[in-house]
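**Student:** Here's a sequence, model it:
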Amino acid sequence: QVQLVESGGGLVQAGGSLRLSCAASGRTFGKYILGWFRQVPGKEREFVAIITGSGASTRYGDTVKDRFTVSRDNAKNTAYLEMNSLKSEDTGVYYCAARLSTLPIAVTTTTSFRSWGQGTQVTVST
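**Tutor:** Presented below is the predicted three-dimensional model:
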């Protein structure tokens, strides 16, 4: 099972940008689909983005489409979430998650992911 560690969160003003990283252990990183989710207290974890093992295909949640970009560097066992034009409603704890590529990336439920990182806080101030 792959282990994940997120980093790059912090405080940013509305309209600004941040890049989150998700570092993974193991030698088979490219076999895993990676997802990004976020959560605020009292709400369910929300799907943000997903990327296939090769990085060739991606999907985004409706609230972040055209502002966020997910990518990965399999040689570095790392995935990224580039966040631009940040809004106050983007505030939350951001998690990366991994699963083997047995389900298509159209499946974006939290229950479809087996491995999760500890999360990194993103706060967008107005």
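**Student:** Go ahead and flag the most central residue of this protein.
**Tutor:** By CA atoms, centre = their mean, the mean C-alpha position of the chain lies nearest to Trp36, the distance being 2.2 Å.
**Student:** neighbouring strands for the helix or strand it falls within, and are they parallel or not?
**Tutor:** Assigned by DSSP states H and E, Trp36 falls within strand 32-39. Strands that pair with strand 32-39, judged by DSSP bridges, come out as strand 46-51 (antiparallel), strand 92-100 (antiparallel).
**Student:** re the thing from before, distance-wise, check the residue nearest to the centre of the chain relative to Thr126.
**Tutor:** 23 Å (CB to CB, to the nearest Å). (Each C-beta comes from the backbone N, C-alpha and C, glycine too.)
**Student:** residues near Glu82, how many?
**Tutor:** 15 (other CB atoms under 10 Å).
**Student:** Next up, the contacts around the closest residue in space to Ser17 that isn't next to it in sequence.
**Tutor:** Nearest non-adjacent residue to Ser17, counting by CB to CB, 6 or more residues apart in numbering: Asn84, 4.8 Å away. By CB atoms under 8 Å, 6 or more residues apart in numbering, Asn84 lies in contact with Ser17, Arg67, Phe68, Thr69.
**Student:** So which bits of stretch 30-37 are buried?
**Tutor:** Lys31, Tyr32, Ile33, Leu34, Gly35, Trp36, Phe37 (16 or more other CB atoms under 10 Å).
**Student:** wait, I meant stretch 94-103
**Tutor:** Neighbour counts over stretch 94-103 (16+ other CB under 10 Å) mark Tyr94, Tyr95, Cys96, Ala97, Ala98, Arg99 as buried.
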